[in-house]
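Using only what follows, build the 3D model:
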Amino acid sequence: MSLTLADRLFIALQHLIPQRWLSERMYRLARVRWRPLKRFIIRHFARIYRIDMSLALEPDLDAYPHFNAFFTRALKPDARPLDPDPAAILCPVDGAISQIGVIEAGRLIQAKGRDYSVESLLALAPGEPHPFEGGRFATIYLSPRDYHRIHMPLDGRLDQMVHVPGQLFSVNAVTAAGVPDLFARNERLVCRFETEAGPMALILVGAIFVGGIETVWAGEVTPPHSGLEPKRWDYEVDEQCVRLERGEEMGRFNLGSTVILLLPPGQAEWESGLAPGDGVRLGQRLGIWRETGAAGQGH
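Next up is the predicted model:
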């Protein structure tokens with residue numbers, strides 16, 4: 001996309017503002033329980049973004065103890081039916097496709113004319129191997145009005161989680177077009193699984209005002225927005241290991257951000273016709289996986 005002067009000023013401002021300080025203030029504001037304030041914030045947000053509360057498990061806005069509880073609200077069990085085909089790769093979130101395609105020469109598309117490396121996204125050491133060369137990727141942007149829980153595209157066993165400190169730029173289309181290596185610069189949580197389609201990574205990318213990223217197995221991982229080096233957790237294969245079924249919740253955001261899904265080569269094909277800008281919903285088919293002798297090892 002061609003950046004206007006206003007777009008360039010918006011990006012420049014993000015370089016100047018105290019991203020972490022503002023995000024930490026938003027984190028606190030989102031958890032204020034004083035009834036007049038939290039009621040004002042929730043009701044105005046629901047009106048501005050036209051939130052359809054008929055889909056929520058709790059449709060009463062006043063029932064939420066604070067804004068974050070409303071923002072990460074659960075949906076009714078039948079609100080997002082899962083594609084019944086067991087070979088379907090499910091969309092992990094509600095949102096819009098930012099980019100989707102093939103990982104070529106270790107690079108993913110960020111925006112028209114911009115790409116970045118899998119190595120940097122996963123916070124790997126230079127030359128450290130990964131299983132995604134020639135595989136598939138999908139980048140999905142969650143707007144403020146979207147459902148903000150992340151679910152499993154496939155059955156999976158958790159192998160590793162890495163918290164990567166970083167910047168907190170906005171992740172909207174303007175910033176993606178104007179900030180080099182955006183998703184590899186922002187704070188993020190890299191979750192790697194073994195699935196029936198082979199290795200899979202779900203990367204939860206933080207952004208300005210995203211005051212929290214959490215998982216169902218570790219709870220809240222960030223904030224604090226601190227540290228200079230990635231922190232890594234490896235999970236053993238034993239009776240206590242973390243296994244999640246396709247469609248099961250794996251984590252959530254506070255405020256909007258982006259999820260990136262990586263799959264290995266030769267195992268997955270995206271649905272034809274999916275393109276940047278397309279709206280997607282949790283549980284819909286993004287593609288299919290092929291069962292081979294290599295797939296599903298460890299299950």
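
Quick one: the strands in the stretch 51-200 of the chain, in order.
All strands of the stretch 51-200 of the chain, identified by DSSP state E, counting those that start in this stretch, fall at 88-90, 95-102, 107-111, 114-117, 136-141, 149-151, 156-164, 188-195, 198-205.

Now do the worst-scoring helix or strand of the chain on mean pLDDT: distance to the chain's middle.
Every helix and strand of the chain was ranked by mean pLDDT, DSSP states H and E. The lowest is helix 19-29, at a mean of 87. Helix 19-29 has its C-alpha centroid displaced from the chain centroid by 19 Å (C-alpha atoms, centre = their mean, to the nearest Å).

CA-only coordinates of the next helix-or-strand element following it, as CSV, when you get a sec.
Once the chain leaves helix 19-29, the next helix or strand it forms, by DSSP states H and E, is helix 35-48. The C-alpha atoms that make up helix 35-48 are tabulated as CSV, following Å, rounded to 0.1, in the frame of the first residue of the first chain:
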residue,chain,number,x,y,z
ARG,A,35,-18.3,0.6,38.7
PRO,A,36,-19.0,4.0,37.2
LEU,A,37,-15.7,4.0,35.3
LYS,A,38,-15.7,0.4,34.1
ARG,A,39,-19.3,0.7,33.1
PHE,A,40,-18.6,3.8,31.1
ILE,A,41,-15.6,2.2,29.3
ILE,A,42,-17.4,-1.1,28.5
ARG,A,43,-20.6,0.5,27.2
HIS,A,44,-18.8,3.1,25.0
PHE,A,45,-16.5,0.5,23.6
ALA,A,46,-19.4,-1.8,22.8
ARG,A,47,-21.3,1.0,21.1
ILE,A,48,-18.3,2.4,19.1
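
Show me which positions of helix 35-48 end up buried.
For helix 35-48, burial by neighbour count (16 or more other C-beta atoms under 10 Å) applies to Lys38, Ile41, Ile42, Phe45. (Each C-beta comes from the backbone N, C-alpha and C, glycine too.)

mind putting these in CSV, distance to Leu90 and pLDDT included?
Converted to CSV, the buried residues of helix 35-48 look like this (distance: C-beta to C-beta, whole Å; pLDDT from 0 to 100):
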residue, distance to Leu90, pLDDT
Lys38, 33, 97
Ile41, 32, 96
Ile42, 29, 97
Phe45, 28, 95
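
Quick check: most distant residue from the centroid of the chain.
Going by C-alpha atoms, centre = their mean, the residue of the chain most distant from its centre is Pro36, 31.7 Å out.

if we can go back for a sec, show me which of the buried residues of helix 35-48 is closest to Arg20.
Lowest distance from Arg20 to these (C-beta to C-beta) belongs to Ile41, with 21.6 Å.

For that closest one, which non-adjacent residue is closest in space?
Phe67 (4.9 Å; C-beta to C-beta, 6 or more residues apart in numbering).

what about the one you found, distance to Glu229?
Distance, Phe67 to Glu229, by C-beta to C-beta, to the nearest Å: 32 Å.

Those two: who's more crowded?
Phe67 (23 against 9; other C-beta atoms under 10 Å).

can you list the strands of the stretch 51-200 of the chain in CSV and add mean neighbour count, mean pLDDT and distance to Val179?
Shown next, in CSV, are these (neighbours: other C-beta atoms under 10 Å; pLDDT from 0 to 100; distance: least, C-beta to C-beta, whole Å):
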stretch, mean neighbour count, mean pLDDT, distance to Val179
strand 88-90, 23, 97, 29
strand 95-102, 19, 96, 13
strand 107-111, 20, 92, 9
strand 114-117, 16, 93, 9
strand 136-141, 24, 96, 14
strand 149-151, 24, 97, 23
strand 156-164, 20, 96, 16
strand 188-195, 24, 96, 14
strand 198-205, 25, 96, 12
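
Indicate which one of the ones you listed is closest to Phe71.
With C-beta to C-beta as the criterion, Phe71 lies closest to strand 149-151 of the strands of the stretch 51-200 of the chain, at 10.3 Å.

now the helices for the stretch 151-299 of the chain?
Applying DSSP state H, counting those that start in this stretch to the stretch 151-299 of the chain gives helices spanning 173-178, 182-185.
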